[in-house]
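[1] When you get a sec, could you give me coordinates for this:
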Amino acid sequence: MPPRPRPGVLAIEPYSPGVAKLPGVSRVIKLSSNEGAFGAPPAAVRAVQAALDRLHRYPDGGAHRLRHAIGERFGLDPERIVCGAGSDDLIFLLCHIYGGPGTELIMTEHGFSIYDIAGRLAGGSVVKTPERRLTADVDAILAAVTPRTRMVFIANPNNPTGSVLPAAETRRLRAGLPEDVLLVLDGAYAEYLDRPDYDPGTALVDAGENTVMTRTFSKIFGLGGLRLGWAYAPEPIVDGLHRARSPFNVSVAAHEGGIAALAEPGWVERSRAHNAAERARLSAALGDIGITVHPSEANFVLADFGTPAEAAQADEALRARGLIVRRVGGYGLPHCLRITIGLADENDLVIAALRERVLQTAHG
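    Next up is the predicted model:
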């Protein structure tokens, strides 16, 4: 008999990344993975190119320079930062460290699918709580807590809904959870926000020993292809992450590219301003042609077509023009499409394609 995976592994639905190619289409515009509209910062590209002659050397196992650059950029203690091959790397580690057989992980019904995969791969059970208007419901989460609960995951802003849990609500959530339950606040899209009632998790991490904030370089910093993320956590959790992570989990290219991206003058501000303006414009244009767009604080919008069939037909109409967006049936939203905010001309093409689709439908 051949080797068999341990129980539960084959029940996990593999993560489905955004489509990147369309057969027979020469020019493809990929708006399915929430990648930064402007690509990678020029300084990061130059830094990666300069590192090519060191590819035969192992990277700095502790990512010391990168951690200090992150700490300086965000005003954090570098000794409480752990870097990884994307924030997903750190999410999997946290689930293996704090989860496992007999434990439960709580997430919301439309939360990021990696939490479900990581929790179950670690051998635990995953509990999904209802949301309120596509936003995490603190009362529902607290009501789901049992003696087996070990972790709660919140993406803030959430993917794929784009909704935000205000700082007061995240504080209420933390206060209502047992002290031995780890709260993980995933701030993958944090840099896109600039509002006073939002905290990506820094304050709660600093306030106790049971909260972790994860962040990524894959979105506003445009380094998704390098796989680079980080966590900010209390010292005991940092210690556990260092014990569990692989020895060289941040490549030479990612290390140098990340440092350079952090230092690119005006990059975050320019990207945030573009995203806010284009997100508002795209949302308004789709609303004008009768498509419901749910409020979003991230670099994407969730367009609601009413039925799964209409969403699928709209997706096909977009693909016919070389435009790839994300179907989100796997998130329990089969009637919706998630559309990444691209460059202005790319967003214009989305608007034109969906306007044409709506007109065709109206005229039979």
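[2] Closest to the mean position in this structure, which residue would that be?
    Closest to where the C-alpha atoms of the chain average out (C-alpha atoms, centre = their mean) is residue 188, at 4.5 Å.
[3] Looks to me like that residue is in a strand.
    No: using DSSP: H, G, I helix; E, B strand; the rest coil, the assignment for residue 188 is coil, not a strand.
[4] Quick check: the gap between it and residue 128.
    19 Å (C-beta to C-beta, to the nearest Å). Every residue, glycine included, has its C-beta placed from N, CA and C.
[5] what's the answer for residue 38, then?
    Separation of residue 38 from residue 128 (C-beta to C-beta) stands at 34 Å.
[6] can you map out the helices along the stretch 251-364 of the chain?
    Under the criterion DSSP state H, counting those that start in this stretch, the stretch 251-364 of the chain carries helices at the ranges 252-263, 267-288, 308-319, 344-362.
[7] would you list those helices in a markdown table and tack on mean neighbour count?
    Formatted as a markdown table, the helices of the stretch 251-364 of the chain follow (neighbours: other C-beta atoms under 10 Å):
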| stretch | mean neighbour count |
| --- | --- |
| helix 252-263 | 23 |
| helix 267-288 | 17 |
| helix 308-319 | 17 |
| helix 344-362 | 16 |
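[8] Please tabulate those in JSON lines and include mean pLDDT and distance to residue 92 as additional columns.
    What follows is the helices of the stretch 251-364 of the chain, written out as JSON lines (pLDDT from 0 to 100; distance: least, C-beta to C-beta, whole Å):
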{"stretch": "helix 252-263", "mean pLDDT": "98", "distance to residue 92": "17"}
{"stretch": "helix 267-288", "mean pLDDT": "98", "distance to residue 92": "27"}
{"stretch": "helix 308-319", "mean pLDDT": "96", "distance to residue 92": "30"}
{"stretch": "helix 344-362", "mean pLDDT": "90", "distance to residue 92": "32"}
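[9] Out of those helices, which is closest to residue 168?
    Closest to residue 168 of the helices of the stretch 251-364 of the chain is helix 267-288 (C-beta to C-beta; 22.7 Å).
[10] Output that closest one as CSV, nothing but the C-alphas.
    Only the C-alpha atoms of helix 267-288 are listed here, as CSV (Å, rounded to 0.1, in the frame of the first residue of the first chain):
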residue,chain,number,x,y,z
TRP,A,267,5.5,55.2,-3.0
VAL,A,268,2.9,54.4,-0.4
GLU,A,269,1.3,57.8,-0.5
ARG,A,270,1.1,57.8,-4.3
SER,A,271,-0.3,54.3,-4.4
ARG,A,272,-2.9,55.0,-1.7
ALA,A,273,-4.1,58.2,-3.4
HIS,A,274,-4.4,56.4,-6.8
ASN,A,275,-6.3,53.5,-5.2
ALA,A,276,-8.7,55.7,-3.3
ALA,A,277,-9.5,57.8,-6.4
GLU,A,278,-9.8,54.9,-8.8
ARG,A,279,-11.8,52.7,-6.4
ALA,A,280,-14.3,55.5,-6.0
ARG,A,281,-14.5,56.1,-9.7
LEU,A,282,-14.9,52.4,-10.6
SER,A,283,-17.5,51.9,-7.9
ALA,A,284,-19.5,54.9,-9.1
ALA,A,285,-19.3,53.9,-12.7
LEU,A,286,-20.5,50.3,-12.0
GLY,A,287,-23.2,51.7,-9.8
ASP,A,288,-24.4,53.9,-12.6
